[in-house]
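A.B. asks: Predicted model and sequence follow; I will ask about them next.
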Amino acid sequence: FPALKAVTKNCGQRMQKLRWLLNKRSNMSIGAKRAVYVHCIIPIWLYGVQIWGIAAKSNYKRIQVLQNRVLRQITDCPWYVRGYTLHPDLNLHTVEEQIGRHTSRYSNRLLRHRSSLATRLLPARPLRRLKR
């Protein structure tokens, strides 16, 4: 999925620019660092997330890795703390949960749309993967 490569590159560049603000030597509180992450980094990978529902899980695991790195940097936790414990502590959703929420919202919005052209954007039957 070429779009995901561009997204991970852009997120990585933005994280590099904000590293001075999010690292452990910063005097900001964890809540303020979380707000910087939510408002500056999440919108980059959240743009166009509706079409990622058809992507393979291995493709968007890259973004999950980036998110886990930032959360570790924000909280200054050691390497052995699991990523799934950081998400509830910071009140954030994982990448997979975000993708599921946004794709279901998008499809529900298309189903309720009054235009017949918009309802035709949804597939008639569920997509299935071909065997190799």
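C.D. replies: In hand now; what should we look at? All figures in this text were calculated on a predicted structure; none of them were measured in a lab.

A.B. asks: show me where the protein has helices.
C.D. replies: Under the criterion DSSP state H, helices of the chain are mapped to 2-22, 30-40, 42-46, 57-75, 83-90, 95-112, 116-119.

A.B. asks: Tell me the pLDDT of the spatially most central residue of the chain.
C.D. replies: If you average the C-alpha coordinates of the chain and look for the closest C-alpha using C-alpha atoms, centre = their mean, you land on Val95, 4.0 Å from that point. The predicted local confidence for Val95 comes out at a pLDDT of 87.

A.B. asks: Show me where the chain dips below the pLDDT cut-off.
C.D. replies: Across the chain, the ranges flagged by pLDDT under 70 are 1-3, 50-54, 123-129.

A.B. asks: which residue lies farthest from the center of it?
C.D. replies: Quick read of the chain (C-alpha atoms, centre = their mean): farthest out is Ser116, 30.7 Å.

A.B. asks: For Thr103, see how far away that one is.
C.D. replies: Ser116 sits 21 Å away from Thr103, going by C-beta to C-beta, to the nearest Å. Where you see a C-beta, it was placed from the backbone N, CA and C, and this is true even at glycine.

A.B. asks: burial count for Arg101?
C.D. replies: By the criterion of other C-beta atoms under 10 Å, Arg101 has 12 neighbours.

A.B. asks: I'd assumed His93 was in contact with it.
C.D. replies: Yes - between Arg101 and His93 there is a contact under C-beta atoms under 8 Å: 7.1 Å.
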